[in-house]
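>>> Give me a 3D structure for the following:
(2 chains)
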Amino acid sequence: MTKKQSKLIRLTISYLIILTMTAIVLYPLLWVLGSSFNPGNSLNSSQMFPDNPTLKHYQFLFDLERSNYLLWYWNSMKISLMTMIFSVILVSFTAYSFSRYRFVGRKNGLMTFLILQMIPNFAALIAIFVLATRLQLIDTHLGLILFYVGGQIPMSTWLMKGYLDTIPKDLDESARMDGAGHFRIFIQIIMPLAKPIISVVALFAFIAPLGDFIIARILLRSNEQYTLAVGLYDLVAKQFGNSFTTFAAGAVLVSVPIALLFLVFQKYFVSGLTAGGTKG
Amino acid sequence: MKDSTSSKKHRKTALLLSILPGFGQFYNKQILKGLVFLILAVSFGSVFFEYMGVGYWGLFTLGEIPKLDHSIFLLIDGIIAVILTVMGLGIYAFNLYDAYHNGKRRDLGEGVNSVRKQYHNLIDNGFPYLMISPGFFLLIFVVIFPIIFVLLLAFTNYDLYHSPPANLVDWVGLQNFKDIFVLDVWRSTFFSVLTWTIVWTFGATTLQVALGIFLAILINQKDLKGKVLFRTIMILPWAVPAFITILIFSGMFNDLGAINKVLLPMVGLDPIPWMTNETFTRLALIMIQTWLGFPFIFAMTTGILQSIPEELYEAADVDGASVFQKFFSITLPLVLYATAPILITQYTFNFNNFNVIFLFNGGGPALPSQNAGGTDILISWIYRLTMTSAQYGKAAAITMILSIIVITVALWQFKRTKSFQEEDMM
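Below is the predicted model of the structure:
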């Protein structure tokens, strides 16, 4: 076997495997895209390439009188944005303190964050449910946002602290010499330099609530308050198969913007998660 | 002799006086600071005393009169009382320390700080505390409080028949744990769920890691065309929200879905009962998680591969190494070394991967022999016990067992990571 032949065989096998994987990855996504254009409602009659494609499921979703879909979309965006804003503020505060100051309790605080980061915050779901009932946060978005922000703090603090540690301390000290106060150094010197890591923290805080199902499922009761995850699940679970094509249209409308956002910021995700693992 | 006795006088007096908060500071002539401590102490005592009394009473008895006392609310109030007590004791200890510290300064003839200097001290030392307190308070209530609550709940008989307000909940010691390990139904369910959880964790995670690394290396071959396009396609399962794709798969694997109606007939196979046969559901779940999970490993490995210097391979070529030798002695070790910490988090993630189990088939199919579904892992079993059969006490006990497993793995991992050893932990 010559070198040329062996190269040919290697490349052919590689392409075969990659094309098979491409088909496996794309098939479900194209299938749901096709389903969303089917005229019928049921899973049974849905075809990947419908004979008479229609947009009626999209029209249904956009019709506020018949469906709450736009409301769910709005709820999800609102919750994600609020979670992002509060997470970034609180995480910058804690990360800055842990990175720049040496105070009593610092070591224990960092250890606590490290351990909490490993326990998913829905593990105590009975407690979340009971606590929310007691504080009358059931069926409110405020309750959800509080739990999401709380869940973001431990991991993101470690992530950001790791980054802030790499910003030289001479900067703070010379600013202090010039008479800048603690808070001014934080806002005017450190935060502008920490922009890359702030974007990572913000991105994680925005995406996490969109992907969460369980906490929203426990806390939210009424259909108008649902997030996309709970609402779409409801659409599928209530009468499986009978509104599948509507679900498909809803799924497409959620997936396309998020997937685009994701592909644009993909590098941040990888760097954030890798840094979180090796540093935290 | 006279010096040594007098030199400890102030600190002792100040310490003794500040048993009543504030008076040590008055003695040290720090009137303002003393007033702050005194006011804090008085308000703490008067406002919270009654509440704390009820809190502790509730915590110990969990209520005495059914329909009037709500055991679970009493438990919550009890925990809040404990948290407040801990905070109060912290302030009290600081009061003692402050009086002693300033007394010592006077003993040494350094004089106490003026109000202006105290203010600057407060700002300098207090700033980090001020900054972390909002985040920390939120953490106490949404993360730490629930953990304490579940910890305590595991020792109660809270279930459908002991459910407030109609009935009281009682402390039952280790009864829940005993039941889980002794009663036949619970024991067999617990061990079958635990076994599947472990099989699931290792099966799904190992497959997704292997596939991710394999594809990254495959696409990274120098003479392969279309790298950018293929890489984008391989990332797609990660880019689309997981809850969406899981629901799509649950449609596809359905009896009426594309797999049974289109794909299997195409290769001449009979339909497979994916959703009703436990073994097939498990198989489907592992395949789905592999599909969902490999892109992240793929993206990460691609990044690492691109940073491996070309010279390493050139040197290996000069030495006459084969493709396999280069792979096993250069590529794989470098990739595994760089990804090892992440791989462990992938395992803990799947161990608690509620979404895929619940959204695909609700943890089902149901099995007659146990009170968990055929594909329930620990976390989804806990959800089932909480939300559908109201076995709160048992669910809490299982949550504790699960947390102990996760924390053990977490501590073991962090002992080995760089940050734990190199971090300037003072």
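>>> For chain A, name the helix or strand with the lowest mean pLDDT.
Least confident helix or strand, chain A: helix A:266-279 with a mean of 64, by mean pLDDT, DSSP states H and E.
>>> list the helices and strands the longest helix seen in chain A packs on?
In chain A, assigned by DSSP state H, the helix with the most residues is helix A:3-36. With contacts taken as 3 or more C-beta pairs under 8 Å, 6 or more residues apart in numbering or on different chains; DSSP states H and E, helix A:3-36 sits against helix A:244-264, helix B:184-219, helix B:227-239, helix B:242-252, helix B:278-307. Backbone N, C-alpha and C define where each C-beta goes, glycine included.
>>> Could you export the helix or strand just after that helix as CSV, CA atoms only?
Per DSSP states H and E, the first helix or strand lying C-terminal to helix A:3-36 is helix A:56-62. Extracted in CSV, the C-alpha atoms of helix A:56-62 (Å, rounded to 0.1, in the frame of the first residue of the first chain):
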residue,chain,number,x,y,z
LYS,A,56,-50.6,28.6,10.5
HIS,A,57,-48.9,27.3,13.6
TYR,A,58,-46.7,30.4,13.7
GLN,A,59,-49.8,32.6,13.2
PHE,A,60,-51.5,30.7,16.1
LEU,A,61,-48.5,31.4,18.4
PHE,A,62,-48.5,35.1,17.5
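>>> show me the contacts for A:Tyr233.
Going by C-beta atoms under 8 Å, 6 or more residues apart in numbering or on different chains, A:Tyr233 touches A:Phe213, A:Arg217, B:Phe243, B:Leu247, B:Leu359.
>>> Could you identify the most distant pair in those?
A:Arg217 and B:Leu247 (13.4 Å; C-beta to C-beta).
>>> between those two, which one's more packed in?
Neighbour tally, A:Arg217 and B:Leu247, criterion other C-beta atoms under 10 Å in any protein chain shown: the higher count belongs to B:Leu247, 26 against 20.
>>> pretty sure the more buried one is in contact with B:Leu359, am I right?
Yes: contact criterion C-beta atoms under 8 Å: B:Leu247 and B:Leu359 qualify, at 5.8 Å.
>>> tell me the contacts of B:Asn350?
Each residue near B:Asn350 by C-beta under 8 Å, 6+ apart is listed here: B:Trp200, B:Thr201, B:Ala204, B:Thr205, B:Gln289, B:Gly293.
>>> Tell me the one of those nearest chain A?
Nearest to chain A among the contacts of B:Asn350, counting by C-beta to the nearest C-beta, is B:Gly293 at 12.6 Å.
>>> So, low pLDDT: which residues of chain B?
Applying pLDDT under 70 to chain B flags residues B:1-7, B:47, B:111-112, B:414, B:416-426.
>>> all strands for it, in order.
Per DSSP state E, chain B carries no strands over any range.
>>> Outline the domain layout of it.
B:2-153, B:176-422 (automatic domain parsing).
>>> Can I get those in TSV including distance to A:Ser36?
Shown next, in TSV, are the domains of chain B (distance: least, C-beta to C-beta, whole Å):
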stretch	distance to A:Ser36
domain B:2-153	37
domain B:176-422	11
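>>> and of those domains, who's closest to A:Ser99?
Nearest to A:Ser99 among these is domain B:2-153 (10.0 Å), distances taken as C-beta to C-beta.
>>> Show me how far the closest one is from its chain's centre.
Remark: domain B:2-153 is offset 29 Å from the chain centroid, using C-alpha atoms, centre = their mean, to the nearest Å.
>>> Is chain A within reach of that domain?
Yes: using C-beta under 8 Å from any C-beta of the partner chain, we find that domain B:2-153 touches chain A at B:72-73, B:76, B:123-125, B:127-129, B:131-132, B:134-136, B:138-139, B:141-147, B:149-150, B:153.
>>> May I ask you to confirm that B:Phe327 is in contact with B:Ile217?
Yes: applying C-beta under 8 Å, one finds B:Phe327 in contact with B:Ile217, separated by 7.4 Å.
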